[in-house]
Each structure stands twice: as C-alpha cells, then as structure tokens.
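1. Sequence and computational prediction follow.
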Amino acid sequence: MYNGGMPSIDVPAGTAHYVTGALDPAAAGAQGPVLVALHGAGASHRAFGHMAYSLGQAWPVIVPDLPGHGRSSPLPGEVTIPALAGWVEDFWTALCASWGRRPPLVLLGHSMGGAVAIEYGLTRQEGLLAPAGLVLVATGGRLRVRPDFLAALAEGRYPEELLEAVAGLGAAGTGAGPAGAGTGGGAAPAAAGAAEAFAARVVARPGGAGVDAPPEVTYRDLLACDAFDRLADLPRLRVPTLVIQGDRDLMTPLKYGQRLAEAIPGARLVVVEEAGHLVHAQRPGPVNRAVRAFLEELAAGLAPDGTQPGVSG
C-alpha cells in the first residue's frame, strides 16, 4: 500500500524527503526500472499521491519533495532548472548508494518537473547516470511565465487566474494559455459545469490546484521556469521519451506537447481528453496506463539481470 511515512536521505543540499509506492526498490531481487516522479512548481510529493498508490503496486515509484518544497531542505543558491537537475542527480546517487545497486532510472516530470527531466536527460544521457527513459507530462521545451503572475507572487499572493489555469479546464483545442512562450493573453474560458466548480474550489483552497507551497516558493520556481529554454537542444535528446498532454491544458497548451514529441527523436505523444494541466490528477487512469505500458516496454529491452544493456552499476 501507499507509504504514508516520509523516509529521507542525505544529499549535499541537506535532507531529501520522499515517499514510495508499495514496491520497495531496495528489495533483494528487485529488477526493472525505478520511476522517480518530479512535481511541478509550488507543489510537493502529494501531487503524485494517486500514481504512487496505483502505479506503485506494479512498479517501484519514488516521489521526492524537490528542494525547498514539502520537507526537503532548500538549495543553497539560486533555484534554476539546471540546479534542480543537479539535485536529482545527487538524490538518485544517494539512493543507489544506500541500496548497493543502480537500477535503470526513468524520470517522470510534471510541468516544472518536466523541465528538470529534460535538463537531466540532455546533460546526463551518457554513463552510469543516464536515464533509461523520460516521461514528460504537461510541460514544454520552453516555459515562459506571464509577468503579472510573477509580480503577484513576488508580492506574496497567488493570482486567482493562475490557480484557475493550473487546475481548471479550457476549451479543447484552443491553444490559449495564460503562461507559456508567446501566449501573453488571458486564460481560455473554463469548461462549464464540473470544471467551473472545481476551479472555484481551487481559488478558495490553493492546495487544490496542486499548489501547496507559500507564494515565495512558487515565485522562485516560476522564475526558474521562465528562464528555461531547451527548444533548440531537443533534437539531440537520445533517451526513450513519452509525452503526456491534456487536451484542455491552459498553462502548457497541447501544442507544447506536440512540439516536444516532434522535436525529440522517437518520442511518442499521448493526448488525454477532458484533462487540463493536472492531467495526472484529473485523469489518473489513462495517464497511469500509458506510463505503465511505457515502463513495460523499457523493461522488455533490459538485460536479463534488469540492468540497461552496456551499463553496469
């Protein structure tokens, strides 16, 4: 069952806290890929509660609080996407040392976490730290953020439009979004009925938007996102990649996922209908099935001992 406790491990930045699913990646004889899920801006491990519980019964799943989120120690310097990718390397290295083994790593990242996964893949796709696969959820190769969102967060408040865009649903196929490269406009109209009610609850309770950090933490996260731009480098990413995108995402519209899948060699795109930016929470069934199929495919290509061919640990 889902591990409600918070194990921790020491990394150079301090202490990293995380949760796991039912399968213990440290167990003797454990084989196959380990999925490490990276949450988005202003969030924590709680963003992947359903995935850790459901998918975590079939595959080893680890969900850390990224530095400065939840119970994990903050980074000692500026928060940037490359710095977060370095923290992921430290976290994974520490875990493998504690296990005495280095299983294949699959990084799943949502939004900001997806940017971190892209950065990690581009800079560490050779050698022992190379990921066996990437799952990029509701993210893009460039993540511009509206200046008014940043200004509000810098003042210590969450703008309602930001929370609505994160948790709500827009008109399918509009491609409109309040944050992201070149958008600059307002959010597309929310879908009627349940989506509007959901968005209303989010405004009253920010945590319902998958955001549970103070505004200053989300501000630093979104500054890092705004500076992230790896569009030109995506064609040299040679890691098996699955892209998952909601068709009604307001923060990172569908075209972002389409561009990722087109630019990354061999990448595949799964579009989840009636889903917004929190596609993994709003439509966990199709998302978990797509991730599980991807893991099964990767596992089928591993060596008999569960390691990546040509990589020793």
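-> Ah, there it is.

2. Could you pull up phi and psi at the nearest residue to R236 once chain neighbours are set aside?
-> Closest residue to R236 apart from its sequence neighbours, by Cβ to Cβ, 6 or more residues apart in numbering: L122 at 7.1 Å. Every C-beta, even on glycine, is put in place using the N, C-alpha and C of the backbone. Backbone torsions for L122, taken as degrees, to the nearest 10, come to phi -70, psi -40.

3. Look up how far L237 lies from L122.
-> Using Cβ to Cβ, to the nearest Å, L122 is found at 6 Å from L237.

4. sorry, back to before: list the contacts for the residue nearest to R236?
-> Counting by Cβ atoms under 8 Å, 6 or more residues apart in numbering, L122 touches R230, D233, R236, L237.

5. Disregarding flanking residues, what is the spatial nearest neighbour of the second one?
-> Looking back up the chat, that one is D233. L122 (5.6 Å).

6. confidence score at the residue nearest to R236?
-> Per-residue pLDDT puts L122 at 98.

7. and the longest helix belonging to the chain, what's its mean pLDDT?
-> When the chain is parsed with DSSP state H, its longest helix is helix 81-99. Across helix 81-99, pLDDT averages out at 97.

8. quick one: contacts of that helix?
-> Under Cβ under 8 Å, 6+ apart, the answer for helix 81-99 is 9-13, 16, 18, 25-26, 36, 38, 62, 64, 66-67, 75, 77, 102-103, 105, 107, 112, 115-116, 119-120, 123-124, 129, 224-225, 227-228, 313.

9. what about it, distance to the chain center?
-> Once both centres are worked out by Cα atoms, centre = their mean, to the nearest Å, helix 81-99 turns out to sit 15 Å from its chain's centre.

10. next helix or strand past that helix?
-> strand 105-110 (DSSP states H and E).

11. Which strands border that following strand, and is each parallel or antiparallel?
-> Strand 105-110 has the following strand partners under DSSP bridges: strand 34-38 (parallel), strand 133-137 (parallel).

12. Of all those strands, which one is nearest R220?
-> Proximity to R220, assessed across the strands paired with strand 105-110 by Cβ to Cβ, is greatest for strand 34-38 (15.9 Å).

13. hmm, who's touching the closest one?
-> 25, 48, 51-52, 55, 59-64, 66, 88, 91-92, 103-110, 112-114, 116-117, 135, 291, 295.

14. mind listing the strands in the protein by residue range?
-> Remark: strands assigned in the chain by DSSP state E are 8-11, 14-20, 34-38, 61-64, 105-110, 133-137, 241-246, 268-272.

15. which residues touch the closest residue to F294 other than its chain neighbours?
-> Counting by Cβ to Cβ, 6+ apart, L242 is the residue found nearest to F294 once chain neighbours are left out, at 4.5 Å. Counting by Cβ under 8 Å, 6+ apart, L242 makes contact with G133, L134, V135, L136, A267, R268, V270, A290, V291, F294.
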